[in-house]
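# one predicted model, sequence on top.
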Amino acid sequence: MRLMIIQRSFFLVAGLLACTATATAQSPGWAEAMFEEKNHDFGVIARGAEATYRFKITNNTNQQVHIANTRTTCGCTAARPSRDLLESGETAYIEVSMNTRKFTRKKDSNLIVTFDTPSYAEVRLPISAYIRTDVVLTPGMVNFGAVAKGTATQKVIDIAYAGRDDWKILKVETKNPNITAKAIEKERNAGRVKYDLVVDLKGDAPVGDLRNQLFLITDDTNSPRVPVLIEGRVEAEITITPRAVSFGVLTAGGNKKTVNVVLRGRKPFTIEKIESESGNAAYQVQLPKTTKPVHVLPLSFVPSNKPGKFAETFTVTIKGMPEPIQFTARGEIAAATAEK
């Protein structure tokens, strides 16, 4: 009898441990909890305007997460994920775009995200917008593209209005201190008004992505604000991709994992040295000897026998550059599973 009780207790404890190991991903609402925002309203937007929004998703479970499918419930919207596989702690974006050229007036849709790993789940995120027909943007956004650091750049888009004879753009608002904008009236005739929207990016704008909105403030009573999307990227002389290297979850004492780090310059360059902040010998990287505009660095990590999270900062010194550039690496070592 005592032997039977011990056996039952053992199986009960083992079952509890197994449930605990997967509780993070199996608990109700685990998939929805990964999304920073649960819905999005584009508000009132002009016809032809580029209307996109990024739903941020962070894998806050202790397991690998796979996005099996993304779809929308209306042809007025489309969606695509920046990546479909997320290790524990990793972040991705699901970009949703509204088709303002084909569709007008009030539009409602849903973004449906389906997961199949670590278990099946479906998340539904409401999306809405009102696409006005009297204001048209051509092109639909201010796109600076890739701009070299220290270079001032200007873009112009057309604004066409059909309606009141006295319709006006009173001012242009932008919260980005590196961007200035103004609306210049070009034509006014029989209820049709045309403006040029002139947008300038300052030469001292910092390195990084540009993703902002500016607002046309009009004299409309009901919808005075018209949003205009701004996108672009200010690039340094040399860029690193990825800036944050993820090794994911590795098995303690297991095989090494290698991730390619790409350094891309506007002209050929030479890497003088690569240093890690801690000097941890678990990281391996070979210093290239050639001079060229693109260098691919295979960065390897050999997991130790000690479970836990790891992180490192690497400094790359470029010949002729006064300041070095940096990138980071991180991951987690999981305990090896005991063989049966």
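Ah, there it is.

# what is the burial count for Ile325?
Neighbourhood size, Ile325 [other Cβ atoms under 10 Å]: 17. (Each C-beta comes from the backbone N, C-alpha and C, glycine too.)

# chain neighbours aside, what residue packs nearest to it?
Val316 (5.2 Å; Cβ to Cβ, 6 or more residues apart in numbering).

# helix or strand: which one has that neighbour?
Applying DSSP states H and E as the criterion places Val316 in strand 308-318.

# helix or strand right after that strand?
With DSSP H and E, the next secondary element past strand 308-318 is strand 325-334.

# who does that next one pair up with?
Applying DSSP bridges, strand 325-334 is found paired with strand 244-251 (parallel), strand 308-318 (antiparallel).

# mind putting these into JSON lines with mean pLDDT?
As requested, the strands paired with strand 325-334 are arranged in JSON lines below (pLDDT from 0 to 100):
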{"stretch": "strand 244-251", "mean pLDDT": "88"}
{"stretch": "strand 308-318", "mean pLDDT": "92"}
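
# could those strands go into JSON lines alongside distance to Tyr283 and mean neighbour count?
Shown next, in JSON lines, are these (distance: least, Cβ to Cβ, whole Å; neighbours: other Cβ atoms under 10 Å):
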{"stretch": "strand 244-251", "distance to Tyr283": "10", "mean neighbour count": "17"}
{"stretch": "strand 308-318", "distance to Tyr283": "6", "mean neighbour count": "16"}
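
# in TSV, list the ones you listed along with distance to Ser82.
Listed next are the strands paired with strand 325-334 as TSV, based on distance: least, Cβ to Cβ, whole Å:
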stretch	distance to Ser82
strand 244-251	13
strand 308-318	22
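
# can you check which of the ones you listed gets nearest to Lys202?
Closest approach to Lys202 among the strands paired with strand 325-334 is made by strand 308-318 (25.5 Å; Cβ to Cβ).

# gap between the residue nearest the centre of the chain and Pro303?
Nearest to the geometric centre of the chain sits Tyr93, at 4.8 Å (Cα atoms, centre = their mean). Tyr93 sits 29 Å away from Pro303, going by Cβ to Cβ, to the nearest Å.

# show me where pLDDT drops low in the stretch 1-150 of the chain?
1-28 (pLDDT under 70).

# one step back: spit out the contact partners of the residue nearest to Ile325.
Listed by Cβ atoms under 8 Å, 6 or more residues apart in numbering, the contact set of Val316 reads Ile240, Leu263, Ile271, Lys273, Ile274, Pro324, Ile325, Gln326, Phe327.

# and for Pro303?
So Pro303 contacts Leu250, Thr251, Ala252, Gly253, Gly254, Lys256, Lys257, Ala282, Ile333 (Cβ under 8 Å, 6+ apart).

# picking that back up, ok, and the closest non-adjacent residue to the residue nearest to the centre of the chain?
Using Cβ to Cβ, 6+ apart, the closest residue to Tyr93 is Arg54 (4.2 Å).

# which residues touch that neighbour?
The contact partners of Arg54, taken as Cβ under 8 Å, 6+ apart, are Tyr93, Ile94, Glu95, Val96.

# hang on, the earlier thing: out of the strands paired with strand 325-334, which comes closest to Ala236?
strand 308-318 (10.5 Å).

# for the stretch 1-150 of the chain, which segments count as strands?
40-47, 51-58, 65-72, 77-81, 85-86, 91-98, 105-117, 121-138, 142-148 (DSSP state E, counting those that start in this stretch).

# quick check: buried residues in the last one?
Pointing back at strand 142-148 there. Val142, Phe144, Val147 (16 or more other Cβ atoms under 10 Å).

# which strand residues bridge the last one?
Pointing back at Val147 there. Here Val147 sits in beta bridges with Val234, as judged by DSSP bridges.

# quick one: residues contacting it.
With contacts defined as Cβ under 8 Å, 6+ apart, Val147 is in contact with Thr153, Leu201, Ala205, Gly232, Arg233, Val234, Glu235.
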